[in-house]
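A.B. asks: how does the following fold in three dimensions:
(one chain, ligands or ions: 1)
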Amino acid sequence: MYAQLVKSEGSKSRDEMTPEEIAFQDRIDRNEKIEPKEWMPEGYRKTLIRQIGQHAHSEIVGQLPEGNWITRAPTLERKAILLAKVQDEAGHGLYLYCAAETLGVSRDELLEKLHSGNMKYSSIFNYPTLTWADMGAVGWLVDGAAIMNQVPLQRTSYGPYSRAMIRICKEESFHQRQGYDIMMKMCAGTPEQKAMAQDALNRFWYPALMMFGPSDKDSVHSAQSMAWKIKMNTNDELRQKFVDQTVPQAEYLGLTVPDPDLKWNEDKGGYDFSEPDWSEFFAVIAGNGPCNAERLGARVKAWEDGAWFREGLMAHAAKAEDRARAARHAAE
Ligand code: FAQ
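C.D. replies: Next up, the predicted model:
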């Protein structure tokens, strides 16, 4: 079915699997959830740590481009909404770090890998948010793409990840609506406001398409991740669904998708569209996007600035433990 997919590194045919691996694959094929203490192949565990960890990092790095606009939101209501949204992203990061921890990795280890550039976060957050209309475009397109990817992940095979996704998706729907609401307001405003909305769409369209990952022929993990139901769809399938859903929304706003080759294809029942510039995508995920250094710098600074607080918590926990031990001795 997925002839385009490259064979994932380490992916095995049934003949190459051990009896334990076959039994595990059978559980996945029966749509059983895998829970933390159960046996799992090492590759499954590692792939989940990579994907859930990167997802968690994306949530907390993703706070930065929008956090940038909290002090400059145009009304008190918009400020309150944006503040709530940015806080939600921190919460999503926490659910996901907790899910990753059930696989035997600590939060500190994951953050160290982020800070040293050894773990990725979504490419999208390496683009600047230049105007208020970008808050609309981020909510509409970035959260829209995130939902397209995350709704199927509610059925992912790993229990803690799937349960985190259910909760996250509920909140993402509100985020997408608030972004579209900003776009509606701007498109119904002055010609300058509508031009700002068009400019935001122009800048965020292709980066949003890149969020789904490289085209299937370059996706190294898809085949194995889909066999394990860590991923439920290919990158290209979700990108196509996103385009099909989003183009009518742009038309409703009276905006033009910045793709001269965008065209409805009756035979496939979807749009034909131009691929993003994949050399740009690979440069961004290699650390060379417009804001990579700034984003990572902000996360490292937050970590270093918080050192005194973490030390305080540890000292408090140690004292509480000492007091509890002393109380136990006194009672003996
Ligand atoms: N950015 O073989 P594949 C959000 C890497 S939503 C950076 O296809 P895979 C909400 C990939 O890691 C955004 N790197 O990989 C929010 C791999 O490199 P590696 C986060 C990317 O994993 C909204 C290599 O390319 N959502 O934050 C990207 O099978 C607004 C080869 O690629 C998730 O993480 C990319 N876009 O498929 C927050 C969803 N794409 O690791 C705030 C869960 C690919 O070998 C504000 N993740 N790479 O060094 C997934 O579904 C998958 O991991 C994909 C990538 C689809 C992202």
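A.B. asks: and Asp26, how far from the ligand?
C.D. replies: 23 Å (CB to the nearest ligand atom, to the nearest Å). Where C-beta positions appear, they are placed from N, C-alpha and C, glycine not excepted.
A.B. asks: how distant is the helix or strand where that residue lies from the center of its chain?
C.D. replies: Per DSSP states H and E: Asp26 is located in helix 19-29. Here the centre of helix 19-29 is set off from its chain's centre by 28 Å, with CA atoms, centre = their mean, to the nearest Å.
A.B. asks: which parts of that helix are buried?
C.D. replies: Neighbour counts using 16 or more other CB atoms under 10 Å place 21, 24-25, 28 of helix 19-29 among the buried residues.
A.B. asks: show me what it is packed against.
C.D. replies: For helix 19-29, not one helix or strand is in contact under the criterion 3 or more CB pairs under 8 Å, 6 or more residues apart in numbering; DSSP states H and E.
A.B. asks: other SSEs contacting the host helix or strand of Ile60?
C.D. replies: Per DSSP H and E, Ile60 falls inside helix 42-61. Packed against helix 42-61 by the contact rule (3+ CB pairs under 8 Å, 6+ apart) you find helix 76-101, helix 107-115, helix 222-227, helix 292-305.
A.B. asks: one step back: now the angle between helix 42-61 and the helix holding Asp26, please.
C.D. replies: Here the directions of helix 19-29 and helix 42-61 differ by 50 degrees (axes from the mean of the first three to the mean of the last three CA atoms, to 10 degrees).
A.B. asks: ok, and what's touching helix 19-29?
C.D. replies: Residues from elsewhere that reach helix 19-29 (CB atoms under 8 Å, 6 or more residues apart in numbering): 12, 14, 17, 34, 39-41, 44, 157, 227-229.
A.B. asks: and these, which of them are buried?
C.D. replies: 12, 34, 40-41, 44, 157, 227-229.
A.B. asks: quick one: name the residues of the stretch 151-300 of the chain near the ligand.
C.D. replies: 210-214, 219-222, 225, 231, 235, 285 (CB under 6 Å from any ligand atom).
A.B. asks: give me the buried entries from these.
C.D. replies: Here, 16+ other CB under 10 Å leaves 210-214, 219, 221-222, 225, 231, 235, 285 buried among these.
A.B. asks: looking at the residues you listed, which are in helices?
C.D. replies: 210, 222, 225, 235 (DSSP state H).
A.B. asks: low-confidence regions, the stretch 1-150 of the chain specifically.
C.D. replies: 1-10 (pLDDT under 70).
A.B. asks: tell me which residue is most central in this protein.
C.D. replies: His55 (4.4 Å; CA atoms, centre = their mean).
A.B. asks: which residue is the nearest non-sequential neighbour of that residue?
C.D. replies: Leu96 (5.3 Å; CB to CB, 6 or more residues apart in numbering).
A.B. asks: neighbours around the one you found, how many?
C.D. replies: 26 (other CB atoms under 10 Å).
A.B. asks: ok, it to the ligand distance?
C.D. replies: 9 Å.
A.B. asks: with Leu82 instead?
C.D. replies: 11 Å.
A.B. asks: that residue against Arg72, yeah?
C.D. replies: No - at 9.7 Å, Leu82 does not count as touching Arg72 under the criterion of CB atoms under 8 Å.
A.B. asks: check contacts around Leu96.
C.D. replies: Counting by CB under 8 Å, 6+ apart, Leu96 has contacts 52-53, 55-56, 59, 161, 164, 168.
A.B. asks: no wait, Gln193
C.D. replies: 133, 186-187.
A.B. asks: if you set the cut-off to 6 Å instead, what comes out?
C.D. replies: Met186 (CB atoms under 6 Å, 6 or more residues apart in numbering).
A.B. asks: go on, Ala331?
C.D. replies: With CB under 6 Å, 6+ apart, Ala331 has no contacts at all.
A.B. asks: do you know how far the nearest residue to Glu59 once chain neighbours are set aside is from the ligand?
C.D. replies: Nearest residue to Glu59, sequence neighbours excluded (CB to CB, 6+ apart): Gly93, at 3.8 Å. Using CB to the nearest ligand atom, Gly93 is found at 9 Å from the ligand.
A.B. asks: closest point of the protein to the ligand, which residue?
C.D. replies: Gly62 (2.5 Å; CB to the nearest ligand atom).
A.B. asks: wait, that residue sits on His92?
C.D. replies: No - in this structure, Gly62 is not within contact of His92 by CB atoms under 6 Å, at 8.6 Å.
A.B. asks: can you give me the strands for the stretch 151-300 of the chain?
C.D. replies: Ranges of strands in the stretch 151-300 of the chain, per DSSP state E, counting those that start in this stretch, are 263-265, 270-272.
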